[in-house]
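Asks: Provided below for reference: sequence and predicted model.
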Amino acid sequence: MTELTVALLGHGAIGSVIAGALREGHVPGARLVAVVDPATAPAPGLPVVPLATALARAELVVECAGQTALRDTGPSVVAAGRHLLALSTGALADDVLHRRLLAGPGRLSLCAGAVGGLDLLTAAGALAPFDTVTIRTSKSPGSLARPWMTEAETSRLRTTAEPYEVLRAPAREVTRAFPATSNVAASVALAVGDWDLVEAVVVADPGATLSRHEIEATGPAGRYRFEIANLPSPANPRTSGIVPYAALRAIRALAGNPGGVV
């Protein structure tokens, strides 16, 4: 079996876990050959290189650096004929970017990260379009502060003693407003195939110790309800600790070792 060569875009809370697992041989058939992250200092055995070098070395490029990184570098990856595995699905609310990433000659795959049940939603949506889809995401107030907020809004996040809705809007709008915390809403919209049908609700909950996502969908195929509650990453509370392991599962499958249910 040919070994799958892997490059990472990003070496933060998500990328560092993926890099460690690949370097320690936890993904048979996959080898880390490049890390692209200007904030990461070279270290023994860690192949920190420029993007052009990474594209020359790797067949698979895993984006785990956020929506801006996917927007800035993703088109170059697929234009070079490489397979791009993207975690920052919220960036695909930009239809122009999505089309560029699908244009090839490389290939685009998406990793849902912190959410499950998307295969069932995709299957149900293929039978007939959904009537309603809602995702309600509850997180600690501190993880939701954004530069666009007014002073009153940020003050409420700091002082609230009760959960409250920060924003309720179509998934496309919510992913733009909260790029660091809304990839789950984006993944649901992509699975359903309709950014504007999916209503996303962002809740600030001062008692939250988990990142909670409640997904409800109704349509001709049936009624569906999923609830997911993930521990936040200790290195970055805006993302769930499970996300790098979802990416590793995807890399394992692409390396020819899927394991589990498909």
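Replies: Received it, and whenever you're ready, just let me know what you need.
Asks: all contacts plus neighbour counts: C-alpha atoms, from now on.
Replies: Fine.
Asks: Tell me the secondary structure of the residue nearest to Ala161 when sequence neighbours are not counted, please.
Replies: Distance criterion CA to CA, 6 or more residues apart in numbering; nearest residue to Ala161, sequence neighbours excluded, is Pro206 at 6.2 Å. In three-state terms, and counting by DSSP: H, G, I helix; E, B strand; the rest coil, Pro206 is coil.
Asks: what helix or strand is Cys20 on?
Replies: For residue 20 the amino acid is Gly, not Cys. Under the criterion of DSSP states H and E, Gly20 resides in helix 15-23.
Asks: mind listing what's buried in the helix or strand hosting Arg158?
Replies: Per DSSP H and E: Arg158 is located in helix 151-159. By 16 or more other CA atoms under 10 Å, the buried positions in helix 151-159 come out as 154, 157.
Asks: so after it, what's the next helix or strand?
Replies: The C-terminal neighbour of helix 151-159 among helices and strands, as given by DSSP H and E, is strand 164-170.
Asks: Just the CA atoms of that following strand, as PDB, please.
Replies: C-alpha atoms of strand 164-170 as PDB (Å, rounded to 0.1, in the frame of the first residue of the first chain):
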ATOM      1  CA  TYR A 164     -29.700  34.100  26.600                       C
ATOM      2  CA  GLU A 165     -29.800  34.100  22.800                       C
ATOM      3  CA  VAL A 166     -27.000  36.100  21.300                       C
ATOM      4  CA  LEU A 167     -28.100  35.600  17.700                       C
ATOM      5  CA  ARG A 168     -30.800  33.800  15.800                       C
ATOM      6  CA  ALA A 169     -30.500  33.900  12.000                       C
ATOM      7  CA  PRO A 170     -29.900  31.700   8.900                       C
END
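Asks: quick one: the helices in the stretch 51-200 of the chain?
Replies: 51-57, 67-79, 95-102, 118-127, 151-159, 171-177, 183-192 (DSSP state H, counting those that start in this stretch).
Asks: Which stretch among those helices is buried most, on average?
Replies: Highest mean neighbour count among the helices of the stretch 51-200 of the chain (mean count of other CA atoms under 10 Å): helix 183-192, with a mean of 26.
Asks: re the thing from before, now do the next helix or strand after the helix holding Gly20: everything it contacts.
Replies: For helix 15-23, the following helix or strand on the C-terminal side (DSSP H and E) is strand 30-36. Strand 30-36 is touched from outside by 3-11, 19, 22-23, 25, 46-51, 53-54, 57-58, 251-252, 255, with contacts defined as CA atoms under 8 Å, 6 or more residues apart in numbering.
Asks: angle of strand 30-36 against helix 15-23?
Replies: Counting by axes from the mean of the first three to the mean of the last three CA atoms, to 10 degrees, strand 30-36 lies at 140 degrees to helix 15-23.
Asks: Make a markdown table out of the helices of the stretch 51-200 of the chain and add mean pLDDT and distance to Glu216.
Replies: Below are these laid out as a markdown table (pLDDT from 0 to 100; distance: least, CA to CA, whole Å):
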| stretch | mean pLDDT | distance to Glu216 |
| --- | --- | --- |
| helix 51-57 | 96 | 40 |
| helix 67-79 | 94 | 26 |
| helix 95-102 | 95 | 25 |
| helix 118-127 | 92 | 10 |
| helix 151-159 | 92 | 26 |
| helix 171-177 | 92 | 14 |
| helix 183-192 | 91 | 10 |
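Asks: Many thanks, I have nothing further to ask.
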